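> turn this into a structure:
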Amino acid sequence: MKTRTLLISSLLAGLGLLAAPVVTGPKALAASSPIETLDRDSDRTLDLEEVKNAASAEYDQLDKDHDGTLDRKEAGSRIDRKEFSAADADHDGALSKDEYLALVEKLFKKADTNNDGTLDTKEMRSKAGRALERLLR
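I've put the predicted structure just below:
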């Protein structure tokens, strides 16, 4: 019996099933929060520089045809039509990187309700924080 239990435990550990408990619910969301992945200075908040660096990299990934702009198709569901139109300052039907980053900054400032220049977990859960997160992933 001991041999069988040891064998089963070894198999499960080899498959990684005994390595760590599975986290679900709000804790799982917190583990995959943008603060966890984008916080370069480990202060548990996001400043505008961290957010803009992430947004710039995301923009480059979204620009599939490498023409330096994002059209509605490339932006996908990250930006709704109304938001896209408002961000398209020159009304050319596409977002330049500057226009995209201006939208990111606008959402950052809207989410920063205590005006301390950083976003914490609570602020990232706000409507503006969630909209900002869509632009970063």
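> now do the contacts for the nearest residue to residue 45 once chain neighbours are set aside.
Counting by Cβ to Cβ, 6 or more residues apart in numbering, residue 45 lies nearest to residue 118, which is 3.8 Å off, once chain neighbours are set aside. Bear in mind the C-beta positions are built from the backbone N, C-alpha and C, glycine included. Counting by Cβ atoms under 8 Å, 6 or more residues apart in numbering, residue 118 touches 43, 45-47, 112.
> out of these, give me the one that has the most neighbours.
residue 46 (30 neighbours; other Cβ atoms under 10 Å).
> tell me what that residue is bridged to.
residue 119 (DSSP bridges).
> quick one: pLDDT of it?
If you check residue 46, the pLDDT there is 95.
> do residue 34 as well
83.
> from residue 71, how far off is it?
For residue 34, the distance to residue 71 (Cβ to Cβ, to the nearest Å) stands at 25 Å.
> so between these two, which is more surrounded?
For residue 34 and residue 71, the more surrounded residue by other Cβ under 10 Å is residue 34, and the numbers stand at 19 against 16.
> who's in contact with the more buried one?
Contacts of residue 34 by Cβ under 8 Å, 6+ apart are 46, 54, 124, 133, 136-137.
> what about the helices in this structure?
Taking DSSP state H, the helices of the chain run over residues 2-14, 26-31, 34-38, 48-62, 72-75, 81-87, 97-111, 121-124, 127-136.
> could you tell me the least trusted of those helices?
helix 26-31 has the lowest average pLDDT among these, namely a mean of 41.
> list buried residues within the contacts of residue 34.
46, 54, 124, 133, 136 (16 or more other Cβ atoms under 10 Å).
> thought residue 136 was touching the third one, still the case?
No: with contact taken as Cβ atoms under 8 Å, residue 124 and residue 136 are classed as non-touching, separated by 10.1 Å.
> got a list of contacts for stretch 66-85?
Stretch 66-85 has contacts (Cβ under 8 Å, 6+ apart) with 59, 62-65, 87, 92-97, 100, 103, 131, 134-135.
> for stretch 38-50, same thing?
Taking Cβ under 8 Å, 6+ apart as the rule, stretch 38-50 contacts 34-35, 51, 53-54, 105, 108, 117-121, 124, 136.
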